[in-house]
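**Student:** Quick one: sequence and predicted model below, then my questions.
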Amino acid sequence: MKGCSACRPEESGGSTAPPPAAAEAPEKSSFQLFCTFRAHQLPVSGIAPHPASPLLASASDDRTWRLWDLPRSGEKVARMLLIGEGHSDWLSGCSFHPEGSRLATTGGDKTVRLWDFSAGRCVLLLAGHSQPTWGSSFHSGGHVLASCSADGTSRLWDASSGCCRLILRRHGAPVNSVAFLPCSDLLLTCSADKTVMVWDGRLGVSTATFRGHRHPCNHAAYSPTTNTVASCDSRGAVHLWDTRKPAAPTGVVDAGPHGANQVAFNQSGKLLAVASGDCLVRLVEVESCGISTLSGHRRSVQSVTFDLQGGTLMSAGSDGLINVWL
């Protein structure tokens with residue numbers, strides 16, 4: 001599509017073909033820093049793991065996204081495979097299509113862009129939000145893409161045509177994160193209005209609202225193995241919720257006073273990673289709410305994610321670095 005711009009391979013000409021998936025790793029509750037690499041010169045706003053291979057996408061304030069081949073056993077160097085250029089302002093995040101062949105990006109230019117790796121370019125530019133877009137998430141079937149924005153709405157887009165299917169309006173402030181629940185038409189959103197909501201993506205109605213945060217919510221995540229929602233806010237409070245009993249949180253963790261920017265469950269749902277504004281990654285044992293910390297960033301940690309097996313943790317920060325923890 002005209003105006004989308006392109007993604008280009010690194011100058012050394014590395015292949016973009018996904019390497020074989022990593023072998024399944026055992027359950028882990030503690031991590032050590034394995035390697036650090038500079039992903040961008042400016043802050044890294046978001047990272048996303050490839051759904052099948054040891055690849056990682058990063059989005060940055062430098063207006064680009066990058067695709068990385070992560071270090072393997074015995075190696076400590078990440079290899080950049082692609083650079084995507086086309087956004088006219090900072091990027092806020094990125095998310096993979098379930099098949100891993102496409103990447104969605106969001107940012108300060110109010111758009112959502114869909115990039116196709118085989119075509120080597122942006123193939124869809126989704127315009128409609130009136131304020132910066134903060135995040136995106138694909139339906140597990142890959143046919144619908146959800147986005148959220150500072151304009152207080154979430155939108156559902158046809159991932160093939162780029163047409164807006166539905167606009168979700170109930171939050172009273174910017175919507176800071178959006179995520180489809182796995183194998184479901186339900187969506188999870190959180191907002192600066194201090195609430196977390198579950199939506200029916202077919203009908204466009206809110207089916208549950210979680211109230212309890214005293215400060216704006218920055219991010220929310222869901223664990224399908226435990227039916228648990230985790231949400232975090234601008235003063236570092238992390239709330240745990242049972243989706244079947246939304247009236248009150250089942251646990252509250254104080255990770256403040258600095259803001260908690262993002263949360264991520266490991267595969268089992270027993271461990272929660274928290275990206276904190278005080279340069280730390282916090283690990284929360286979900287059942288006991290016990291906390292441990294990982295230090296390795298020089299500035300605020302903006303994004304955290306686990307690989308598919310839960311044996312590798314990755315974090316990214318305002319220092320432009322990505323840390324890989326094993």
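**Tutor:** Here it is on my side, so go on. Residues are numbered from 1 along each chain as shown.
**Student:** where along the stretch 101-250 of the chain do the strands fall?
**Tutor:** According to DSSP state E, counting those that start in this stretch, the stretch 101-250 of the chain carries its strands in the segments 102-107, 111-116, 121-127, 133-138, 144-149, 154-158, 164-168, 175-180, 186-191, 195-200, 205-211, 217-223, 228-233, 237-242.
**Student:** where are the low-confidence patches of the stretch 1-150 of the chain?
**Tutor:** Where the stretch 1-150 of the chain drops to pLDDT under 70, the residues are 1-4, 10-27.
**Student:** Verify the stated contact: V284 with V252.
**Tutor:** No: look at V284 against V252 with C-beta atoms under 8 Å: they stay out of range, at 10.8 Å. The C-beta positions use only the backbone N, C-alpha and C, and glycine is treated the same way.
**Student:** And the strands of the stretch 101-250 of the chain: which comes nearest A6?
**Tutor:** Proximity to A6, assessed across the strands of the stretch 101-250 of the chain by C-beta to C-beta, is greatest for strand 121-127 (4.1 Å).
**Student:** For that closest one, C-alpha coordinates in CSV please.
**Tutor:** Output in CSV follows, covering the C-alpha atoms of strand 121-127 (Å, rounded to 0.1, in the frame of the first residue of the first chain):
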residue,chain,number,x,y,z
ARG,A,121,7.3,-4.1,3.1
CYS,A,122,4.2,-2.6,4.9
VAL,A,123,1.1,-4.1,3.2
LEU,A,124,-1.6,-2.3,5.2
LEU,A,125,-1.9,1.1,6.9
LEU,A,126,-4.8,1.2,9.3
ALA,A,127,-5.9,4.8,9.9
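**Student:** angle of that strand against strand 144-149?
**Tutor:** Going by axes from the mean of the first three to the mean of the last three C-alpha atoms, to 10 degrees, strand 121-127 is angled at 60 degrees with respect to strand 144-149.
**Student:** quick one on the thing from earlier: which one of V284 and V252 is surrounded by more residues?
**Tutor:** Set V284 next to V252 and count neighbours by other C-beta atoms under 10 Å: V284 wins out with 23 against 13.
**Student:** Tell me the bridge partners for that one.
**Tutor:** V284 has these beta-bridge partners by DSSP bridges: L272, I291.
**Student:** got the contact list for A57?
**Tutor:** By C-beta atoms under 8 Å, 6 or more residues apart in numbering, the residues touching A57 are I47, A48, H50, W65, R66, L67, W68, C94, F96, L103.
**Student:** Burial check on V281, number of neighbours?
**Tutor:** Neighbours of V281 (other C-beta under 10 Å): 24.
**Student:** For it, list the residues it contacts.
**Tutor:** Neighbour list for V281: 273-275, 293-297, 301, 304, 313, 315, 323, 325 [criterion: C-beta under 8 Å, 6+ apart].
**Student:** Alright, that wraps it up for me.
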